[in-house]
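Enquirer: Provided below for reference: sequence and predicted model.
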Amino acid sequence: MKILLVCAGGMSTGLLMKKMEAYWKERGEDNSINAVGLSEYANVYQDYDIIMTGPQVSYRLKQIKEDTGLPCEGIPSFDYAVGNCENIMKIANKLYAEK
């Protein structure tokens, strides 16, 4: 599964990206993830299966869905803040099943 994380500038989501990669490595899962800012997703979404957004840009979720046609969902604030990889992966797997 290839996940695109979108946030305001790609910085805080970059931290979550590193945590997700470590989570997958521990479990032997082969997924990939990239983090970009709002200004970049339209240029790269074609290379991904699903899009997840940080809470700070969840107001743009509808626009992102319309622009990309990919399954999209916002990461809940608490899960995002603490980097709850298990809950985030539950959302990711649900989205991937919609593809």
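Expert: Yes, it's here. Residues are numbered from 1 along each chain as shown.
Enquirer: Tell me who's in contact with the closest residue to N34 other than its chain neighbours.
Expert: Counting by Cβ to Cβ, 6 or more residues apart in numbering, N34 lies nearest to L4, which is 5.8 Å off, once chain neighbours are set aside. C-beta coordinates here come from the backbone N, C-alpha and C atoms, glycine included. By Cβ atoms under 8 Å, 6 or more residues apart in numbering, the residues touching L4 are 33-36, 41, 44-45, 47-48, 50-52, 70.
Enquirer: Just the buried residues from those, in PyMOL please.
Expert: The following PyMOL line selects those of the contacts of L4 that are buried, judged by 16 or more other Cβ atoms under 10 Å:
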select buried, resi 33+34+35+36+41+45+48+50+51+52+70
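Enquirer: Would you map the strands across this protein?
Expert: For the chain, the strands defined by DSSP state E occupy 2-7, 32-37, 50-53, 72-74.
Enquirer: and the residue lying closest to Y23 once chain neighbours are set aside, how many neighbours?
Expert: Distance criterion Cβ to Cβ, 6+ apart; nearest residue to Y23, sequence neighbours excluded, is C85 at 3.8 Å. Close neighbours of C85, defined as other Cβ atoms under 10 Å, add up to 19.
Enquirer: Distance check, C85 against A42.
Expert: Distance, C85 to A42, using Cβ to Cβ, to the nearest Å: 27 Å.
Enquirer: Lowest mean pLDDT among the helices and strands, pick that one out for this structure.
Expert: One helix or strand of the chain scores below all others by mean pLDDT, DSSP states H and E: helix 11-27, with a mean of 88.
Enquirer: So which residues make contact with that helix?
Expert: Contacts to helix 11-27, defined as Cβ under 8 Å, 6+ apart, come from residues 3, 5-7, 30-31, 33-36, 54, 56, 75, 80, 83, 85-86, 88-89.
Enquirer: So which bits of it are buried?
Expert: Quick answer for helix 11-27 (16+ other Cβ under 10 Å): S12, T13, G14, L16, M17, M20, Y23, W24.
Enquirer: which stretches of the chain have low pLDDT?
Expert: The model of the chain has pLDDT under 70 over residues 10-11.
Enquirer: can we see that at 90?
Expert: Low-confidence segments of the chain (pLDDT under 90): 7-17, 37, 99.
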